[in-house]
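Chemist: what follows is a predicted protein model with its sequence.
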Amino acid sequence: GMYCLGFPKILNDNEPEKGKIICVRASRDRSFFAAVYDRAVSIWYHRPHVSLVSYVRGDESVDEYGQNQDVAWRPDGFMLAVVTTKSRVIFYNLQLTDREIYASNPVKGCRISEDTPSIGNIPEVTLEQSCVVSLLGGLSCISSRREELVVASGMGMLCRVCWDGLVDGQLSLQVHAIPFTADPQRVRAVPLASSAGLYLSAIDYCSKLGGFAFVLNNGRGGLLISTTMGFDPKHVKGIWARGVTNAACLAVNQRYGLIAFGCESGDVLLYTLDDLTGSLLHSHSMSLSPQQYPDAGVRSGPVHCMSWTPDGSALVVSWCRGGFSLWSTFGALLLCSLHGDYGISVDSVDFSQSLIVKSMAWGAEGYHLLMVSETSREDQRGSANQGDIIVLQFAKTALINNPAATNHEHVLLQAEDRFYLHTADSLAYKQGDSLSVADSKQWQIVQIPLDYLATNWPIKYTAVDMTGHYVVVSGKRGMAHCNVSTRKWKLFGNESQEQSMTSRGGIVWWKDIIIIGCHNHEDNSDEVRMYSRSSRLDNTFMSHLIKLSSPVAIVNVFREFLVVLTTDRRLFLYGMERQAGQQVLSGLAPVVILAKLQEISIAQYIPHISSLVSLEPSALRTEAAGSSPSTKGLPESIIANVAGKLLLLQRDHSVAEKKGKRAQFLAPVVLASGVEHVWAAPHSKPSHRYLLEALWLGCGAGGMKVWLPLFPRDGQHGSNFLSKRIMLTFKLDIYPLCTPVAFLCSLLLVTTCLLAQWFTSRKQ
């Protein structure tokens, strides 16, 4: 979930000589973003939002090449390509110098040294025009693919331009020469019958799908793929997205492999590529409910532009007639401005003028949303409106980046410089022998130390322990943890140790031990480290260290076991035992003893490691069979969320008993699709077995799904059901963030009472 914080900020960059602002585009690492004007290009820093350099073209250049239209970044972030209205592509080189144009004054008592760059120490940037490339037909859109630029023209051409300005005419494509089909397996692809006047109005490259998502000027959309790595024109074919007939724009989700088509009707249609048939399948839609927004179609109009968050967890949509909305990956509405959007005027409230957003870009980790408005406030000199750059701040749930087991018990939101915590004990409390829903809605807001943020922003991972009293955060380098009650933080005393590690794969708590996957820059090695909460945050006091041959993808725990998945898709299972502290220098450091139990490859089940959303070890099985004596206490299954498709990998005890080896995993069972979050209780109780042995799924617009067991009670014969479990679906008007065990029990109690009251009233 993504949640807007505070009021919007407006960046002051209205210089008349630049002209009207057209769009904003962020670099790949989102360290910079480019603001394109009619006559100029400005480079802004990511934090704080300050202008670094501007390149303003003269009248002669504008007359010859035309006004600026759009921009694309080279993947390394040191070159830009600007498209103009007279079919030109202007290349700019961006270089960093050793000097600083902004400097901050260190706060007294802060541990930042003079040599350490802080938030305010912004490097100087130079922007120089490199070369100009002339194309034909009027340029409609632009996209960057690896080390080349793909530009679409109004004559139906798709030109491929190298970043040094060279154009390879032999690799250019023509729309009328591309064969299209909606079903590659059954229907032969043929060129368009009437392609006169057709051209690509929008295009974006998706590395996971291996092709270009496109929209034609007639409203049809689809995907261009090739059987060769070099995208040879002879081997390119188009796949239509069925049902897309009035598309206006598109946005590609690289993590989930989704293509979002914004339509003239104001709705958004999302498609994914079927691995078996090779066709585009409709996944779901994003449309405003007529009950809540009865005049949405008339008031909003067609979709103007869209942008996915960097992690692919949310999509922001703006409409041509004003207003914008924020949706989760699978269609849950998180934010909509139509109910209270009265423009950006501070002098008077104009109920008829909504905010019209024509371009958007997300900042690092999705903490900021940059929007370009169609109109701006008139300044004191009375100059014409040029448009504004508006910045919105957001907080997001920790489950997006770090779906660790301990984060399931409490609600934890992370923002750019603080976190918001709502513990499970404030959701439910005990009354005698029963549980009741609490009425507390108060957040615990904790500021992250500025001396940690100075060198390690943005915050990537956050994790809360099972008690809800301790939280650990990790940013660009190192980590820090705090006691929520006392607000006291522990940071690395040795800054070189902090700067030598980059967290990867997440952070998880086990008892009082912090387990973090990281990359060691000193040794150029990948590791899993363990630090005690009570000891000094120092490598000397490390409780355990695991060396790995590949980078860490996911770290998680289950009871007394540690699960580590590496980027080569190898799964490691360790048994953990905590021992009393041993004397280290002037303090005690607890020791964790690890025993490697199993190592298996799951590459055949996860084609792309970037598509893996979460990986949960659990005790769930499709049947009520007990654990094998040789694997007692071990995770009975692995629950993997692969691009929204939930897979259950169960242990095969029969093979282990026959061969005398540890149980391997059976072929995966697909439990559900369109899954955003997964919750499973770590322990089971006989009194609440059916509730605690259930699997809870957050499915966006699909609501909440619960995979309930149908096991017979003790002393009863087995049921006649073919399946041992059942999937129930509940429509929700809220977005779930956690399902703590105490809250589930209290929810069951309240539901039972309500049902009893309903049956009583029916009898009366």
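Modeler: Sure thing, it's come through.
Chemist: strands along the stretch 451-600 of the chain, start to end?
Modeler: 461-464, 470-474, 480-483, 488-491, 501-510, 513-520, 525-532, 542-548, 552-558, 561-566, 570-584, 587-601 (DSSP state E, counting those that start in this stretch).
Chemist: could you pull out the buried residues of the third one?
Modeler: This means strand 480-483. Across strand 480-483, burial judged by 16 or more other CB atoms under 10 Å covers A480, H481, C482. C-beta here means a position set from N, CA and C on the backbone, and glycine is covered the same way.
Chemist: who does that strand pair with, and is each partner parallel or antiparallel?
Modeler: strand 470-474 (antiparallel), strand 488-491 (antiparallel) (DSSP bridges).
Chemist: so which residues of the stretch 251-400 of the chain form helices?
Modeler: Under the criterion DSSP state H, counting those that start in this stretch, the stretch 251-400 of the chain contains helices at 296-300.
Chemist: in it, where is pLDDT below threshold?
Modeler: In the predicted model of the stretch 251-400 of the chain, residues 340-353, 376-385 satisfy pLDDT under 70.
Chemist: and if you look at the chain?
Modeler: Scanning the chain for pLDDT under 70 picks out 103-120, 340-353, 376-385, 424-441, 581-587, 623-632, 655-663, 682-689, 711-723, 739-764.
Chemist: just to revisit the earlier point, nearest to V215 among the buried residues of strand 480-483?
Modeler: Taking CB to CB as the measure, V215 sits nearest to A480 out of the buried residues of strand 480-483, at 45.2 Å.
Chemist: correct me, but the closest one touches K488?
Modeler: No: contact criterion CB atoms under 8 Å: A480 and K488 do not qualify, at 11.0 Å.
Chemist: if we can go back for a sec, next, format the strands paired with strand 480-483 as TSV and append mean neighbour count.
Modeler: Shown next, in TSV, are the strands paired with strand 480-483 (neighbours: other CB atoms under 10 Å):
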stretch	mean neighbour count
strand 470-474	25
strand 488-491	16
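Chemist: export those strands to TSV and append columns for distance to L597.
Modeler: Output for these, formatted as TSV (distance: least, CB to CB, whole Å):
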stretch	distance to L597
strand 470-474	26
strand 488-491	31
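Chemist: of those strands, which is nearest E409?
Modeler: Using CB to CB, those put strand 470-474 closest to E409, at 12.7 Å.
Chemist: return that closest one as PDB; C-alpha atoms alone will do.
Modeler: Only the C-alpha atoms of strand 470-474 are listed here, as PDB (Å, rounded to 0.1, in the frame of the first residue of the first chain):
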ATOM      1  CA  TYR A 470      12.300  -2.800  18.100                       C
ATOM      2  CA  VAL A 471      12.700  -1.700  14.500                       C
ATOM      3  CA  VAL A 472      15.700  -2.000  12.200                       C
ATOM      4  CA  VAL A 473      16.200   0.100   9.000                       C
ATOM      5  CA  SER A 474      18.700  -0.100   6.100                       C
END
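Chemist: how far off centre is it?
Modeler: Remark: strand 470-474 is offset 20 Å from the chain centroid, using CA atoms, centre = their mean, to the nearest Å.
Chemist: quick check: angle from it to strand 501-510?
Modeler: 160 degrees (axes from the mean of the first three to the mean of the last three CA atoms, to 10 degrees).
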